[in-house]
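*Asks:* everything below, folded, please.
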Amino acid sequence: MFQPRDYRLWVNTPELVAYSLTIKETDLYIRTTAHFYNAAFQAVKEHRKALEAYISLHPFFAASFEAVEVEQSAPLIVREMACAAAAAGVGPMAAVAGAISQLVGQELSRLSHEVIVENGGDNYLRSSKERVVAIYAGASPLSGKVGLRFMPCDMPLGICTSSGTVGPSISLGKADAAIVVSPSAALADAAATAVGNAVKSADDIPAALEIARGIKGVTGAVVIIGDRIGAWGKLEICRLEIDQDA
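*Replies:* Residues are numbered from 1 along each chain as shown. All right, here's what the predicted structure looks like:
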């Protein structure tokens, strides 16, 4: 089902070429130094085909809410998802959007020194300049008011979001946004699910951040529910003023 991505209107990267790519459930918004749609399309097509073929033979991989062991001979995307899920203690599909962002971003990095791949709130970021990632948190009054600043030395990075109030993805929690940062976008995606699942009220923010702290490979996390926010890790949070009605 199509989901509006109004937050994409917030993007301010005039020096980069922006383009969208949609294949089935994969809905990417990409920014690179030139138009590399064909390369991105081929990367998505290749990894989706490999994942779909694997799931057709191993349907439990797509259905499980727990980590699943896979063969060393499994496709790259399957191994990335399985590894991320095992680290975060969630099912493999919790890592699919981040894994696709990462694999497409890595392919585009062969062609462009600036790469931003966003897949429904799950981002792969590689840049030679400072970048600020705005946080979209649905109806929260903090949505569009805070962002995360990253320097070139921090990249490449995965910055992924899980929400119990926004979008079609499954979350067992009620966070407006649970954001996790990691060098691996697949891990950031899986970990964001684990963190978001733990948030039923604002009182759960500290415990949710402890979950992020305990996942090896995660470098930071932010949780927003209503007008409350909590953060942990190697992060620089900045104030933003985005007109969401523009």
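*Asks:* OK, contacts around the residue positioned nearest the centre of the chain?
*Replies:* Nearest to the centroid of the C-alpha atoms of the chain, with distances taken as Cα atoms, centre = their mean, sits residue 122, at 2.1 Å. Contact analysis of residue 122 by Cβ atoms under 8 Å, 6 or more residues apart in numbering lists 97-98, 101, 158-161, 185, 188-189, 192. No exception for glycine: its C-beta is placed from N, CA and C like everyone else's.
*Asks:* reformat these as JSON lines; add distance to residue 52, neighbour count and pLDDT.
*Replies:* Formatted as JSON lines, the contacts of residue 122 follow (distance: Cβ to Cβ, whole Å; neighbours: other Cβ atoms under 10 Å; pLDDT from 0 to 100):
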{"residue": "97", "distance to residue 52": "15", "neighbour count": "27", "pLDDT": "96"}
{"residue": "98", "distance to residue 52": "18", "neighbour count": "34", "pLDDT": "97"}
{"residue": "101", "distance to residue 52": "18", "neighbour count": "30", "pLDDT": "97"}
{"residue": "158", "distance to residue 52": "23", "neighbour count": "31", "pLDDT": "97"}
{"residue": "159", "distance to residue 52": "26", "neighbour count": "27", "pLDDT": "97"}
{"residue": "160", "distance to residue 52": "22", "neighbour count": "32", "pLDDT": "96"}
{"residue": "161", "distance to residue 52": "25", "neighbour count": "30", "pLDDT": "94"}
{"residue": "185", "distance to residue 52": "20", "neighbour count": "34", "pLDDT": "98"}
{"residue": "188", "distance to residue 52": "23", "neighbour count": "36", "pLDDT": "98"}
{"residue": "189", "distance to residue 52": "18", "neighbour count": "37", "pLDDT": "97"}
{"residue": "192", "distance to residue 52": "23", "neighbour count": "38", "pLDDT": "97"}
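*Asks:* and the residues you listed as TSV, adding distance to residue 130 and secondary structure?
*Replies:* Formatted as TSV, the contacts of residue 122 follow (distance: Cβ to Cβ, whole Å; DSSP: H, G, I helix; E, B strand; the rest coil):
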residue	distance to residue 130	secondary structure
97	25	helix
98	23	helix
101	20	helix
158	18	strand
159	14	strand
160	20	strand
161	21	strand
185	19	helix
188	20	helix
189	24	helix
192	23	helix
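*Asks:* could you pull up the contacting residues of residue 20?
*Replies:* By Cβ under 8 Å, 6+ apart, the contact set of residue 20 is 27-30.
*Asks:* could you check how far it is from residue 12?
*Replies:* According to Cβ to Cβ, to the nearest Å, residue 20 stands 17 Å off from residue 12.
*Asks:* okay, and for the protein, where does confidence drop off?
*Replies:* 1-11, 167-171, 242-246 (pLDDT under 70).
*Asks:* name the single longest helix found in it.
*Replies:* Under DSSP state H, the helix in the chain containing the largest number of residues is helix 37-57.
*Asks:* residues making contact with that one?
*Replies:* With Cβ under 8 Å, 6+ apart as the test, helix 37-57 has contacts from 19, 21, 23-24, 26, 28, 30, 61-62, 74-78, 81, 96, 99-100, 103-104, 107-108, 111, 117.
*Asks:* tally of neighbours for residue 194?
*Replies:* Close neighbours of residue 194, defined as other Cβ atoms under 10 Å, add up to 26.
*Asks:* that one touches residue 91, doesn't it?
*Replies:* No. In this structure, residue 194 is not within contact of residue 91 by Cβ atoms under 8 Å, at 10.3 Å.
*Asks:* compute the inter-axis angle for the helix or strand containing residue 100 and helix 37-57.
*Replies:* In the assignment (DSSP states H and E), residue 100 maps to helix 96-108. Here helix 96-108 runs at an angle of 140 degrees relative to helix 37-57 (axes from the mean of the first three to the mean of the last three Cα atoms, to 10 degrees).
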